[in-house]
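Undergrad: predicted model and sequence below, questions to follow.
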Amino acid sequence: MIGKTVTVTVDRPLGSFHPEHHDMYYPVNYGYVEGVMAPDGEEQDAYILGISEPVEHFTGQVIAVIHRFDDVEDKWVVVPEGASFTKEEIAEQVRFQEQYFDSEIRM
(Lines give C-alpha, C1' and ligand atoms only; values in the text may rest on other atoms or scores of the structure.)
Protein backbone atom coordinates (compact mmCIF):
# COMPACT_ATOMS: atom_id res chain seq x y z
CA MET A 1 0.00 0.00 0.00
CA ILE A 2 2.90 2.34 0.71
CA GLY A 3 3.52 4.58 -2.28
CA LYS A 4 -0.04 4.26 -3.60
CA THR A 5 -2.04 7.40 -4.43
CA VAL A 6 -5.46 7.46 -2.76
CA THR A 7 -8.31 9.89 -2.18
CA VAL A 8 -9.48 10.32 1.40
CA THR A 9 -12.99 11.48 2.25
CA VAL A 10 -12.67 13.47 5.47
CA ASP A 11 -15.33 12.83 8.09
CA ARG A 12 -13.33 14.29 11.00
CA PRO A 13 -11.69 17.50 9.77
CA LEU A 14 -8.78 19.21 11.45
CA GLY A 15 -10.11 21.21 14.40
CA SER A 16 -13.13 18.98 15.05
CA PHE A 17 -13.98 16.68 17.95
CA HIS A 18 -14.84 12.97 17.89
CA PRO A 19 -18.63 12.51 17.64
CA GLU A 20 -18.76 10.06 20.61
CA HIS A 21 -15.62 10.90 22.61
CA HIS A 22 -16.14 14.65 22.95
CA ASP A 23 -12.75 15.26 24.56
CA MET A 24 -10.84 13.87 21.54
CA TYR A 25 -9.71 16.79 19.39
CA TYR A 26 -8.49 16.15 15.83
CA PRO A 27 -5.29 18.14 15.13
CA VAL A 28 -5.14 16.56 11.65
CA ASN A 29 -7.70 15.68 8.99
CA TYR A 30 -8.94 12.10 9.35
CA GLY A 31 -11.23 10.07 7.13
CA TYR A 32 -11.58 7.01 4.95
CA VAL A 33 -10.68 5.72 1.51
CA GLU A 34 -13.94 5.07 -0.26
CA GLY A 35 -14.28 1.59 -1.75
CA VAL A 36 -11.37 0.05 0.18
CA MET A 37 -12.76 -2.20 2.87
CA ALA A 38 -10.83 -2.72 6.09
CA PRO A 39 -11.00 -5.82 8.32
CA ASP A 40 -13.51 -4.07 10.61
CA GLY A 41 -16.08 -4.09 7.78
CA GLU A 42 -15.84 -0.32 7.29
CA GLU A 43 -13.87 1.62 4.70
CA GLN A 44 -10.14 2.06 5.31
CA ASP A 45 -9.29 4.86 7.75
CA ALA A 46 -6.51 7.34 7.05
CA TYR A 47 -4.72 10.22 8.72
CA ILE A 48 -3.83 13.14 6.45
CA LEU A 49 -0.60 14.90 7.39
CA GLY A 50 0.98 17.96 5.83
CA ILE A 51 -2.27 19.90 5.33
CA SER A 52 -2.87 22.81 7.71
CA GLU A 53 -6.54 23.52 7.03
CA PRO A 54 -9.72 21.43 7.21
CA VAL A 55 -10.59 19.70 3.93
CA GLU A 56 -13.48 17.55 2.69
CA HIS A 57 -11.45 15.40 0.28
CA PHE A 58 -7.74 14.93 -0.21
CA THR A 59 -5.71 13.02 -2.79
CA GLY A 60 -2.22 12.09 -1.70
CA GLN A 61 0.32 9.34 -1.26
CA VAL A 62 0.34 6.65 1.43
CA ILE A 63 3.73 6.92 3.16
CA ALA A 64 3.11 4.71 6.19
CA VAL A 65 0.77 2.20 7.77
CA ILE A 66 0.06 2.31 11.48
CA HIS A 67 -0.34 -1.29 12.53
CA ARG A 68 -2.41 -1.76 15.66
CA PHE A 69 -1.63 -4.93 17.59
CA ASP A 70 -4.80 -4.59 19.68
CA ASP A 71 -7.28 -3.65 16.93
CA VAL A 72 -8.51 -5.36 13.76
CA GLU A 73 -7.70 -2.42 11.50
CA ASP A 74 -4.53 -0.62 10.47
CA LYS A 75 -4.56 3.12 9.71
CA TRP A 76 -2.95 4.67 6.64
CA VAL A 77 -0.91 7.86 6.67
CA VAL A 78 -1.53 10.00 3.57
CA VAL A 79 0.48 13.11 2.65
CA PRO A 80 0.82 15.52 -0.28
CA GLU A 81 2.79 14.08 -3.19
CA GLY A 82 6.51 14.41 -2.47
CA ALA A 83 6.12 15.19 1.24
CA SER A 84 8.06 13.14 3.75
CA PHE A 85 7.81 12.58 7.48
CA THR A 86 9.91 10.52 9.86
CA LYS A 87 8.36 7.84 12.06
CA GLU A 88 8.83 10.18 15.00
CA GLU A 89 7.03 13.05 13.24
CA ILE A 90 4.15 10.75 12.30
CA ALA A 91 3.92 9.38 15.85
CA GLU A 92 3.78 12.89 17.29
CA GLN A 93 0.95 13.98 14.97
CA VAL A 94 -1.23 10.90 15.51
CA ARG A 95 -0.57 10.48 19.25
CA PHE A 96 -3.93 12.15 20.05
CA GLN A 97 -5.60 8.89 18.99
CA GLU A 98 -2.88 6.24 18.82
CA GLN A 99 -2.00 6.73 22.51
CA TYR A 100 -4.95 4.44 23.27
CA PHE A 101 -3.58 1.57 21.16
CA ASP A 102 -0.52 -0.66 21.01
CA SER A 103 0.71 0.25 17.56
CA GLU A 104 3.78 0.63 15.38
CA ILE A 105 4.48 2.71 12.30
CA ARG A 106 5.51 0.77 9.22
CA MET A 107 7.15 2.63 6.36
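TA: Thanks, I have it. Residues are numbered from 1 along each chain as shown.
Undergrad: look up the residues forming beta bridges with the most centrally placed residue in the chain.
TA: What sits nearest the mean C-alpha location of the chain, by CA atoms, centre = their mean, is Tyr47, with 1.6 Å. Legend: beta-bridge partners of Tyr47 under DSSP bridges are Tyr30, Val77.
Undergrad: list the buried residues in stretch 44-64.
TA: 44-51, 58, 60-64 (16 or more other CB atoms under 10 Å). The C-beta positions use only the backbone N, C-alpha and C, and glycine is treated the same way.
Undergrad: before we move on, what about stretch 61-79?
TA: Neighbour-count burial for stretch 61-79 [16+ other CB under 10 Å]: 61-66, 68, 74-79.
Undergrad: closest to Thr7 among these?
TA: Val78 (8.9 Å; CB to CB).
Undergrad: was I right about the closest one contacting His57?
TA: No: applying CB atoms under 8 Å as the test, Val78 and His57 come out as separate, 11.3 Å apart.
Undergrad: name the helix or strand for the closest residue to Met1 other than its chain neighbours, please.
TA: Take Met1 and drop its neighbours on the chain: the residue closest to it by CB to CB, 6 or more residues apart in numbering is Val62, 5.3 Å away. If you go by DSSP states H and E, Val62 is part of strand 57-68.
Undergrad: residues touching that strand, excluding its own?
TA: 1-10, 29, 31, 46-48, 50-51, 74-85, 87, 90, 94, 98, 101-107 (CB atoms under 8 Å, 6 or more residues apart in numbering).
Undergrad: ok, Ala91 to Glu34 distance?
TA: According to CB to CB, to the nearest Å, Ala91 stands 27 Å off from Glu34.
Undergrad: so which elements touch the helix or strand harbouring Asp45?
TA: Element membership of Asp45 [criterion: DSSP H and E] is strand 43-48. Applying 3 or more CB pairs under 8 Å, 6 or more residues apart in numbering; DSSP states H and E, one finds that strand 43-48 contacts strand 5-12, strand 29-37, strand 57-68, strand 75-79.
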